[in-house]
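1. Prediction below, plus the sequence it came from.
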Amino acid sequence: MQDQQSGAILVTGGAGYIGSHVVKLLGERGERVVVLDDLSTGNREAVLYGELVEGNTGDQTLVANVLKRYGVTTVMHFAAHTIVPESVEKPLKYYGNNTACTRNLLECCDEAGVKNFIFSSTAATYGIPEDASKPCIETLPTAPINPYGTSKLMSEKMLQDLDAASSMNHVILRYFNVAGSDPDGRIGQSTKNATLLIKVAAEVALGKRDQLYVYGTDYPTPDGTGIRDYIHVSDLASAHLSALDYLKNGGESTLVNCGYGRGYSVREVIDAVNKIHGSSIKVIEEDRRAGDPPALIAAVDKIHQTLDWKPQNDDLDVIVKTSLDWERHLMSGGKPGVAV
């Protein structure tokens, strides 16, 4: 068996938005990487390092062969469906892909003796916090309000139970609002019909969409719009490398939030887009959507106390600028993997 410090890293969903940014950082520091992605939403060109194997994480024969062939000792699991409204309309699609496929992947990892598992989870597991004025700490009760959040929480529970019954160690990373794109301009958020606020606002600014809809202007917040903790995708990616180093150095299994510990309102995001773009985007105000909390901000003491993680892009203007730059790249006919 290979030394756990030098084995390959399997990145499921590594051709997608967040996974591709993690693969880029892993490759830049010389890690041996293999990506497993069915390319249903990912892009082949976004895999800048390592080898891409096309397939689904629920295919146990394929996964078992990949783990053995590449001598995988660490798995970073991103592959998932992530659109909340779609999860309400098609719950079984989400439980099938996000939960059942994760179960199959975990069984293969257990049988192959994989030691380190890093899981891409979500703040949607918290549901609507009882006191939205306070940052969400990791010990809050979990009460997801949609199948997406529930599918991720079920995967967390499976991973924790397997950890207790085996020698596998893990880090669960609960993301808050991921935004921005690679500052080098080589990869970015390329998902069609994206729903993330900053991505959509950037598309409106550049004429890809006609307007931005703001859902709710009467929340108990300073300007009436919802407040969220936006984290730059490159900082989120670096948190995964910090989690990897933590486990390789003997760290115990843990769960941490990924955010900056402060939030911006929808209006503040729009103002930043208008300022950096140089003109105002068209905004249409609508009623609140059911289930949207007034604020959702990460408590970040634990991630800073546990992982050696130092974010480099904690600035709304930086997040917005990299988003706009990436949209311009796509408009010019650019593809992931090709520098601006």
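-> Yep, that arrived. These figures come from a predicted structure and were not determined experimentally.
2. what comes up buried for stretch 307-324?
-> Neighbour-count burial for stretch 307-324 flags 307, 309, 311, 313-314, 316, 318-324 (criterion: 16 or more other CB atoms under 10 Å). C-beta coordinates here come from the backbone N, C-alpha and C atoms, glycine included.
3. and the end-to-end length of that stretch?
-> Distance between the two ends of stretch 307-324: 31 Å, counting by CA to CA, to the nearest Å.
4. can you point me to the longest helix in this structure?
-> helix 147-165 (DSSP state H).
5. Counting by contacts, list what it packs against.
-> helix 84-89, helix 91-94, helix 101-112, strand 116-122, strand 169-175 (3 or more CB pairs under 8 Å, 6 or more residues apart in numbering; DSSP states H and E).
6. tilt between that helix and strand 116-122?
-> Taking axes from the mean of the first three to the mean of the last three CA atoms, to 10 degrees, one finds helix 147-165 and strand 116-122 inclined to each other by 160 degrees.
7. I'd like the mean pLDDT over helix 147-165, please.
-> Regarding helix 147-165, the rounded mean pLDDT is 97.
8. now swap in stretch 259-275 and tell me
-> Per-residue pLDDT over stretch 259-275 has a mean of 98.
9. Over to stretch 61-70?
-> On average, stretch 61-70 scores 98.
10. Leu48 contacts Asp184, correct?
-> No - using CB atoms under 8 Å, Leu48 is not in contact with Asp184; the gap is 9.9 Å.
11. Which one's more surrounded, the two?
-> Taking neighbours as other CB atoms under 10 Å, Leu48 and Asp184 compare with Leu48 leading, 22 against 13.
12. In space, what's closest to that one - neighbours in sequence excluded?
-> With sequence-adjacent residues excluded and distances taken as CB to CB, 6 or more residues apart in numbering, Leu48 is closest to Lys24, at 5.1 Å.
13. What's the local residue count around the one you found?
-> 22.
14. Could you do Ala164 as well?
-> Neighbours of Ala164 under the rule other CB under 10 Å: 9.
15. And it, how close does it get to Ser253?
-> 9 Å (CB to CB, to the nearest Å).
16. Same check on Thr122?
-> Separation of Thr122 from Ser253 (CB to CB): 18 Å.
17. Please list the outside residues in contact with stretch 52-62.
-> If you take CB atoms under 8 Å, 6 or more residues apart in numbering as the criterion, stretch 52-62 is touched by 12-15, 34-39, 44, 63, 66, 77, 79, 96-97, 100-102, 104-105, 107-108.
18. for the nearest residue to Cys136 once chain neighbours are set aside, what are its contacts?
-> For Cys136, ignoring the flanking residues on the chain, the nearest one in space by CB to CB, 6+ apart is Tyr126 at 5.3 Å. By CB under 8 Å, 6+ apart, Tyr126 lies in contact with Cys136, Leu140, Thr142, Ala143, Pro144, Gly149, Arg174, Leu296.
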